[in-house]
Structure formats: structure tokens, C-alpha cells
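J.: Fold the following for me, if possible:
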Amino acid sequence: MTTTTNVTDLYPTRGATEVATPRQDPVVWGSPDTPGPVSAGDLQALDRDGFLAIDQLIGPDEVAVYQRELQRLVTDPAVRADERSIVEPQSKEIRSVFEVHRISEVFANLVRDERVVGRARQILGSDVYVHQSRINVKPGFGASGFYWHSDFETWHAEDGLPNMRTISVSIALTENYDTNGGLMIMPGSHKTFLGCAGATPKDNYKKSLQMQDAGTPSDEALTKMASEYGIKLFTGKAGSATWFDCNCMHGSGDNITPFPRSNVFIVFNSVENTAVEPFAAPIRRPEFIGARDFTPVR
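T.: As a prediction, the model looks like this:
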């Protein structure tokens, strides 16, 4: 094992070969007796499967507010010119806008909403801060997908998160059909960390935010995992949400339908799991991708 700023590396990755490591951390850090918006049964399901789907986290009127704000952001020339905006290589349309809770007060209010941050605090058993936020825009007719990966593999290797004490929520702002490039997760895959092969190039984020390369599992590993765990595809109306553990193996396909798929994606990390130096990268990623401001959400 290696260390970074005296923190033991529990999850080696980006070496000469792929290495599977059993999970060393809890999935649910909070006490099952602690009151909160997540029921004891749902916490058990999250622990088992790595995800929790909610049919309606926000209502139709709220969805309309966030849809208008998303449209405002992706059509604003100043936002497009900002380094926090990632553009599709082919269509040149905006693919993602990062640090959206700092760009937009509308999305900042969503982060502070107790239906959102309250669940994160309950699951992680502590105060939380936003490690990353973004809106993902998947317009129809060819928006590219996100290849299979574990978020924690990247956040550990390139951002320096020591432990698996991080939870994400994807809130649908358009309907998620089974055809328009929805989120797919391998249930139970969060219990094993797959350390990927290959060194991290400098400034890897510039390429990986458009198309993942470093930190991607081999075809052999993915075939084995899919055979063991299966694949769950998430569908749902606008306003539905999927919470998922940081180590879930997940991805999404291209959207070649006429129906757009957009969502807001918020990553909450425990204030007791703040980032150190990267465990397997030459430099840190920019703070708009991996936060270094650990101020709790209030």
C-alpha cells in the first residue's frame, strides 16, 4: 500500500494490472435508528444494491423551474465559454456544466433542499459538502453516453478521496425512457473495488469528461461483473431521482432517439472524508470538478 499525506491507500488503482479489492468501508454510515427522510427498509436496500430509486423527489412545478434554468444556462454564451462547460466532440452542443450550484442560485437552492441534502446526511452519517455538481444534457439524435466506470475510482485516483463515504443523486429533468440513454447500474457491484490498469495522463480530465479512457475496466472484468450482478436500467418521469453509492459500476448509452434526457447530478461527500492529494495521478483535477472547499451544506 502507498500513502498520500500519511493516509493509507485502501484502494490501489492505475497500476500495471487490474486489481479487485473488497470494500473496506460501510455503505450506510448513519445509524438505522437515526430519524431522517430515508426509511430503514430503503437504507437496507441501498446497502444491498448500492442504489435507491425515488419515483418523485420533486414535483412537476419544481421540474419546470429547473428545466427553464437548465435551458438558460446552456444557451448563455458566457456559460458556454466557461471552462466548466463541456462540449460534445461531434455536435459541439453543451454536454455538461460543472459546479452548477455555484453558477446558479436556482440549483444552489436544490442542493440545500432538505429532501436532497437531508438524505445525504442520513446515509453518510455526518455533515456533507458538495464534492461535485453538474447538469448533464443529453439531447436527442446522437448525444454520446458515459462508458462503464466507478466514480470512486476516479475520485480516489485523481481527486484524493480516501474512503467510500460519498453518495450521488441524479434527478431527472426530462423523462427517462428505456431508449434514450438512461443510467445503468450493476446491483451489488459497489461491494468490490476494481482498480484499473494504466497510468493517469497529466490533465486527463480534459479528455475524460468527453470520453472516459483512463480508469475504465477491461471488457473481461465488465463481462464477469455483469454476469455476476446483472444490469439495472433506470426509467422514470421528470422529477424522479436515483441515489447511488460512489463505487457502483455504472454507465449510460448514446441517445439516438428524438427525446432528450437531461438531469442534475449532485455528489455529496462527508466532511470527515475530505480530499487529500491524488492517490494515482500526477496533479489534482480543477476544483470545479473535485472540490477543495469542504464547507458543509447549510
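
J.: Need the per-residue pLDDT for residue 58.
T.: Looking at residue 58, its pLDDT reads 98.

J.: That one sits in which helix or strand?
T.: For residue 58, there is no enclosing helix or strand under DSSP states H and E.

J.: Tell me who's in contact with it.
T.: 66, 110, 115, 171, 239, 241 (C-beta atoms under 8 Å, 6 or more residues apart in numbering). Any C-beta I mention is one placed from the backbone N, CA and C, and that applies to glycine too.

J.: do the same with residue 63
T.: With C-beta under 8 Å, 6+ apart, residue 63 has these contacts: 173, 238-239.

J.: Which parts of the host helix or strand of it count as buried, going by neighbours?
T.: Using DSSP H and E, residue 63 maps to helix 60-74. The neighbour-count check on helix 60-74 (16 or more other C-beta atoms under 10 Å) flags 62-63, 66, 69-70, 73-74 as buried.

J.: and what of stretch 289-298?
T.: 289-291, 294, 297.

J.: I'd like the average pLDDT over that stretch.
T.: 98.

J.: Contacts for it, please.
T.: Taking C-beta under 8 Å, 6+ apart as the rule, stretch 289-298 contacts 98, 111-112, 117, 120, 127-132, 155, 158-160, 205, 209, 268-269, 271, 274-275, 284, 287.

J.: if you set the cut-off to 7 Å instead, what comes out?
T.: 98, 111-112, 117, 127-132, 155, 159, 205, 271, 274-275, 284 (C-beta atoms under 7 Å, 6 or more residues apart in numbering).

J.: And stretch 76-90, by the same measure?
T.: By C-beta under 7 Å, 6+ apart, stretch 76-90 touches 73, 93-99, 103, 142-144, 209-210, 288.

J.: Where does the prediction get shaky in the stretch 1-150 of the chain?
T.: 1-5 (pLDDT under 70).

J.: Could I get the full set of helices for it?
T.: 40-49, 60-74, 77-81, 100-103, 105-112, 114-124 (DSSP state H, counting those that start in this stretch).

J.: For residue 29, find the nearest of the ones you listed.
T.: For those, the distance to residue 29 is smallest for helix 114-124, at 5.1 Å, taking C-beta to C-beta.

J.: Centre of the chain to that closest one, how far?
T.: Helix 114-124 sits 15 Å away from the centroid of its parent chain (C-alpha atoms, centre = their mean, to the nearest Å).

J.: Minimum distance to residue 217: which of the helices of the stretch 1-150 of the chain has it?
T.: Per C-beta to C-beta, nearest to residue 217 of those: helix 40-49, 19.4 Å.

J.: follow-up on the earlier one: got a winner among the contacts of residue 63 for most neighbours?
T.: The most crowded member of the contacts of residue 63, judged by other C-beta atoms under 10 Å, is residue 173 (24 neighbours).

J.: looking at it, that one is touching residue 238, isn't it?
T.: Yes - under the criterion of C-beta atoms under 7 Å, residue 173 makes contact with residue 238 at 5.8 Å.

J.: which SS state does the residue nearest to residue 158 when sequence neighbours are not counted fall under?
T.: The spatially closest residue to residue 158, leaving aside those adjacent along the chain, is residue 281, at 4.3 Å (C-beta to C-beta, 6 or more residues apart in numbering). Three-state assignment for residue 281 (DSSP: H, G, I helix; E, B strand; the rest coil): coil.

J.: cool, residue 164 as well?
T.: coil.

J.: Can you get me a residue count around it?
T.: 24.

J.: Not counting its neighbours along the chain, what's nearest it?
T.: Closest to residue 164 by C-beta to C-beta, 6+ apart is residue 25, at 4.2 Å.

J.: Now do the same contact list for that neighbour.
T.: 163-165.

J.: before we move on, the earlier item: of the contacts of residue 58, which is the nearest to residue 227?
T.: residue 241 (28.6 Å).

J.: Tell me what the residue nearest the centre of the chain is bridged to.
T.: With distances taken as C-alpha atoms, centre = their mean, residue 168 lies nearest the centre of the chain, 5.1 Å away. Taking DSSP bridges as the rule, residue 168 bridges to residue 244, residue 267.
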